[in-house]
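Asks: what's the 3D shape of this:
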Amino acid sequence: MKIVADIGIPFLKEAVQTGWPEVELRQFSPDEIDRLAVRDADVLVVRTRTRVNADLLEGLRVRLVCTATIGYDHIDTEWCEAHGIGWTACPGCNAQAVCDYIEEVLNDIYRPISECPEAPNDQRPTIGIVGVGHVGSLVARMAERRGLHVLLNDPPRGIGVSLDEIAQNCDIITFHVPLSDDTRHLCNADFLRRCKPGALIINAARGGVVDEEALLGSGHPYVLDTWENEPEISPRVLAGAQLASMHIAGYSLQGKRNATQMCLTAIARQFGLPEIPIPEGTGEQPGDSAPGWVRRITTRLQSAPDQFEALRRAYALR
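Replies: Below you'll find the model as predicted:
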């Protein structure tokens, strides 16, 4: 049995070598994962940079695709299902890491209020959370703990208020929805016109959820971790951001460990292998998580906008 995997997925090599010595694991950078690399693989383990579709897998023997991410819009799931190829994502694996990112953004921009939950009601910002799944629900609890007013919007789950109410009443609006036909450009020129003047827009979900050109022209301050056309991001949109990062909001040692473990479990169940844990002691030294870490990332990214992917790959998991 053979597994082809993105080389950027931590802990995978150690777990496979320790628990499945009979399994061959080959790892490649995302731009090396092509039909030649995957030609005799049974399992493909990827991240968001690899487009998994007929162009990659038609006629090959891959039977399972695992993405070590919460989102899966890079996988043509309908084509996979129609051709007997199983697929799995890792919902919730990095939810706490994304919540920590949003909290650091609030600490940076709204420090006086976020440190004073006893502040009078009329002095507390209102945060609107669009998408109340694994990440959004954690962000809601964090915001309440920090003394912010919270409004929720998640029609598929029957939760909260309308988008119009979010726009009209919120000082901060943060998006935590998957990318789909229904959510693409959910934050568009019309939505932004209805927002309160000066409302802060945060996108740490998927790049296409926000219409970046509309955002840039709206005059609203904004924070972006995910971008349209990654990794070829717009230098103009980057330059206008209050804070910005290279799609690393969910990058933490624990989040990555969770994702890899979920992929290993899916492979074991699909192929009747013993379920194996990631060996204890496996890991990297944590990166920068001291106060101000998002602003430090912003400085690095804005000084080298053409190095988005290199900076992302070099990012030390916090």
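
Asks: quick check on the closest residue to residue 132 other than its chain neighbours: phi, psi?
Replies: Excluding its sequence neighbours, the residue lying closest to residue 132 (CB to CB, 6 or more residues apart in numbering) is residue 154, at 4.1 Å. (Each C-beta comes from the backbone N, C-alpha and C, glycine too.) Backbone geometry at residue 154, expressed as degrees, to the nearest 10, gives phi -160, psi 80.

Asks: so residue 154 touches residue 131, yeah?
Replies: Yes - between residue 154 and residue 131 a contact is recorded at 5.8 Å, counting by CB atoms under 8 Å.

Asks: of those two, who's got more company?
Replies: For residue 154 and residue 131, the more surrounded residue by other CB atoms under 10 Å is residue 131, and the numbers stand at 24 against 18.

Asks: re the thing from before, ok, now how distant is the residue nearest to residue 132 from residue 287?
Replies: Using CB to CB, to the nearest Å, residue 154 is found at 32 Å from residue 287.

Asks: same check on residue 191?
Replies: 34 Å.

Asks: more neighbours, these two?
Replies: Shown here are residue 191 and residue 287; by other CB under 10 Å, residue 191 has more neighbours (22 against 15).

Asks: who's in contact with the more buried one?
Replies: Listed by CB atoms under 8 Å, 6 or more residues apart in numbering, the contact set of residue 191 reads 163, 167.

Asks: buried ones in the host helix or strand of it?
Replies: Secondary structure from DSSP states H and E places residue 191 in helix 189-194. Residues 191-192 are the ones in helix 189-194 that count as buried (16 or more other CB atoms under 10 Å).

Asks: what does stretch 39-47 give?
Replies: In terms of neighbour count (16+ other CB under 10 Å), stretch 39-47 has its buried residues at 41-47.

Asks: which helix or strand lies directly C-terminal to the helix holding residue 191?
Replies: Counting by DSSP H and E, what follows helix 189-194 is strand 200-203.

Asks: relative to the whole chain's centre, how far out is that next one?
Replies: Mean C-alpha position of strand 200-203 versus that of the full chain (CA atoms, centre = their mean, to the nearest Å) differs by 15 Å.

Asks: helices or strands up against the next helix-or-strand element following that strand?
Replies: Following strand 200-203 in sequence order, the next helix or strand is helix 212-218 (DSSP H and E). Judged by 3 or more CB pairs under 8 Å, 6 or more residues apart in numbering; DSSP states H and E, the packing partners of helix 212-218 are helix 189-194, helix 235-240.

Asks: turn those into TSV, including mean pLDDT and distance to residue 223.
Replies: Formatted as TSV, these follow (pLDDT from 0 to 100; distance: least, CB to CB, whole Å):
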stretch	mean pLDDT	distance to residue 223
helix 189-194	97	15
helix 235-240	97	11
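
Asks: now the helices for the stretch 201-318 of the chain?
Replies: Ranges of helices within the stretch 201-318 of the chain are 212-218, 235-240, 253-271, 293-303, 308-314, based on DSSP state H, counting those that start in this stretch.

Asks: leaving out chain neighbours, which residue sits closest to residue 173?
Replies: Nearest non-adjacent residue to residue 173, counting by CB to CB, 6+ apart: residue 128, 4.4 Å away.

Asks: so the one you found belongs to a strand, correct?
Replies: Yes - assignment of residue 128 by DSSP: H, G, I helix; E, B strand; the rest coil places it within a strand.

Asks: thought it was touching residue 162?
Replies: No - Residue 128 is not in contact with residue 162 according to CB under 8 Å; the separation is 10.6 Å.

Asks: the stretch 1-150 of the chain: strands as residue ranges?
Replies: Using DSSP state E, counting those that start in this stretch, the strands of the stretch 1-150 of the chain run over 2-6, 24-28, 43-46, 64-67, 86-88, 126-130, 149-154.

Asks: measure the residue nearest to residue 132 to residue 41 for me?
Replies: According to CB to CB, residue 154 stands 37 Å off from residue 41.
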